[in-house]
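J.: Here's my sequence, what's the structure:
(chains A and B)
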Amino acid sequence: DTGVSQNPRHKITKRGQNVTFRCDPISEHNRLYWYRQTLGQGPEFLTYFQNEAQLEKSRLLSDRFSAERPKGSFSTLEIQRTEQGDSAMYLCASSGTNNSPLHFGNGTRLTVT
Amino acid sequence: GENVEQHPSTLSVQEGDSAVIKCTYSDSASNYFPWYKQELGKRPQLIIDIRSNVGEKKDQRIAVTLNKTAKHFSLHITETQPEDSAVYFCAASTGTASKLTFGTGTRLQVTL
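T.: Residues are numbered from 1 along each chain as shown, chains lettered A, B, ... in the order given. This next block holds a predicted model:
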């Protein structure tokens, strides 16, 4: 499968713990996006990278959230001191340099108890 | 920033009938409008997209129309089948590879 890969698929954590998710984009894609989706809503933009540079962050991304893409390939999204309101599906997407559309991964479902 | 509204939130049609989902956007600079289909527990999948230099695009049973003056665009599915049942999201952006602003989704149910 050469699509966008996300790990883990599910994560259950206790409030206050830190969690980290990983996204592996389609190999030739240089743009990578993180979105958050809650039940019954559309995906909400969090941040995006062009290669290793983080070009934009949503105001939804509080100080507890940090994303990295150190070598311009895979990306990680870390949430520190998780809160119950962080429970959601975290989706990663990638797109290429030729103005191609966004392709999404299957997401990581986070449950904070 | 961009705001995308989508209607209806749920839509039930009989197999073989047509389904229409409508979206409006607020940012006149938006020029790229994709539609995604999301089945339960799965990733959003692109089904069709349109750019602002075209008014209509068709792909087999799926078509999208765009009215830039009114800032609205619509998804049309003809001859619906049970496998069309899913949640459909419209989105808008100022460029294909730019961030997307999504609508709130339409749950389509195709009944036999």
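
J.: and stretch B:13-22, what's its mean pLDDT?
T.: Stretch B:13-22 carries an average pLDDT of 98.

J.: do the same with stretch B:32-42
T.: Average pLDDT, stretch B:32-42: 93.

J.: What are the contacting residues of it?
T.: Residues outside stretch B:32-42 that contact it (CB atoms under 8 Å, 6 or more residues apart in numbering or on different chains) are A:101-102, A:104, A:106, B:23, B:25, B:44-52, B:62, B:64, B:66, B:73, B:75, B:86-96, B:98, B:100, B:102, B:105. Quick note: C-beta positions are derived from backbone N, CA and C, even for glycine.

J.: buried set for stretch B:58-78?
T.: Buried residues in stretch B:58-78, counting neighbours by 16 or more other CB atoms under 10 Å in any protein chain shown, are found at B:62, B:63, B:64, B:65, B:66, B:71, B:72, B:73, B:74, B:75, B:76, B:77.

J.: Likewise for stretch B:28-41?
T.: Judged by neighbour count using 16+ other CB under 10 Å, the buried positions of stretch B:28-41 are B:30, B:31, B:32, B:33, B:34, B:35, B:36, B:37, B:38.

J.: can you tell me the residue of chain A closest to chain B?
T.: Residue nearest to chain B within chain A: residue A:42 (3.1 Å; CB to the nearest CB).

J.: Run a quick neighbour tally on that residue.
T.: Residues near residue A:42, counting by other CB atoms under 10 Å in any protein chain shown, number 22.

J.: Please check the contacts of stretch B:32-42 and keep the buried ones.
T.: Neighbour-count burial within these applies to A:102, A:104, A:106, B:23, B:25, B:44, B:47-50, B:52, B:62, B:64, B:66, B:73, B:75, B:86-93, B:96, B:98, B:100, B:102, B:105; the criterion is 16+ other CB under 10 Å.

J.: Please list the members of the residues you listed that lie in strands.
T.: Counted as lying in strands by DSSP state E, out of the buried ones among the contacts of stretch B:32-42, are A:104, B:23, B:25, B:47-50, B:62, B:64, B:66, B:73, B:75, B:86-92, B:102.

J.: ok, the nearest residue in space to residue B:34 that is not next to it in sequence - contacts?
T.: Among residues not flanking residue B:34 along the chain, residue B:49 sits closest, at 3.8 Å (CB to CB, 6 or more residues apart in numbering or on different chains). The contact partners of residue B:49, by CB under 8 Å, 6+ apart, come to A:101, B:32, B:33, B:34, B:35, B:57, B:64, B:96.
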